[in-house]
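# Here's a sequence, model it:
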Amino acid sequence: MFDQREKIALFIDGANLYATSRALGFDIDYKRLLLHFQKKAYLLRAYYYTALVEDQEYSSIRPLIDWLDYNGYRVVTKPAKEFTDSTGRRKIKGNMDIELTIEALELVNHVDHYVIFSGDGDFRTLVEALQRKGRKVSIVSTLASQPPMIADDLRRQADNFVDLMSLKSEIGRDPSERPPRRIESPADEDDL
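Model prediction:
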């Protein structure tokens, strides 16, 4: 599937990869993910796309974004949009499809093989455009979840489909490496 002489680029739809790994029951070790693909071919770039809610005092994704930014990833963010749906529920929308697509097309003269971490069927047109330019495209998502996290037409369009579950042992984070949650109880305050 990969050739050592190829220049590859990773395009990670952060929200989609998070949902997929969660559906499969494991966390991604992003350091191991980079190393895995560096062994496969010449890794030119690794992009991570995510939307951020800006008005929150603390975002749980901020430590990950900062770590990725300092450890070999190009992080692309934009503010998420907040709205109220027809039932009155607060919703947050932060689609990064256009940003990912434009950057992928801008690199077409420098990348031989694209690895896109998303099951979003909207990327089928991008995959088709890259293939017309003579580029290979691998899609990383899963069929192992119920329902599958990959759109059937995207999987069919790709040159290669890699089920994320098959990469678990290579790029999954050991559960023992997860920082322990700090649980505060009222008794903790009395001990001060």
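
# and the closest residue to Gln131 other than its chain neighbours, how far is that from Val111?
Distances taken as Cβ to Cβ, 6 or more residues apart in numbering place Val137 nearest to Gln131, at 6.3 Å, with adjacent residues excluded. Yep, even glycine has a C-beta here, placed from its N, CA and C like the rest. Distance, Val137 to Val111, using Cβ to Cβ, to the nearest Å: 10 Å.

# I'd assumed Ala158 was in contact with the residue nearest to Gln131.
Yes. Under the criterion of Cβ atoms under 8 Å, Val137 makes contact with Ala158 at 5.4 Å.

# hey, what's in contact with both of these two?
Common neighbours of Val137 and Ala158 (criterion: Cβ atoms under 8 Å, 6 or more residues apart in numbering): Val127.

# what's downstream of the lengthiest strand in the chain, the next helix or strand?
Assignment by DSSP state E gives strand 42-52 as the longest strand of the chain. Downstream of strand 42-52, the first helix or strand assigned by DSSP states H and E is helix 62-70.

# contacts for that following helix?
Contacts for helix 62-70 (Cβ under 8 Å, 6+ apart): Tyr30, Tyr48, Thr50, Leu52, Val75, Thr77.

# okay, the angle between that helix and strand 42-52?
150 degrees (axes from the mean of the first three to the mean of the last three Cα atoms, to 10 degrees).

# From the chain's centroid, how far away is helix 62-70?
In terms of Cα atoms, centre = their mean, to the nearest Å, the centre of helix 62-70 is set 13 Å apart from its chain centre.

# Also stretch 102-113?
Chain-centre distance of stretch 102-113: 18 Å, with Cα atoms, centre = their mean.

# Please apply the same query to stretch 73-88.
Stretch 73-88 sits 16 Å away from the centroid of its parent chain (Cα atoms, centre = their mean).
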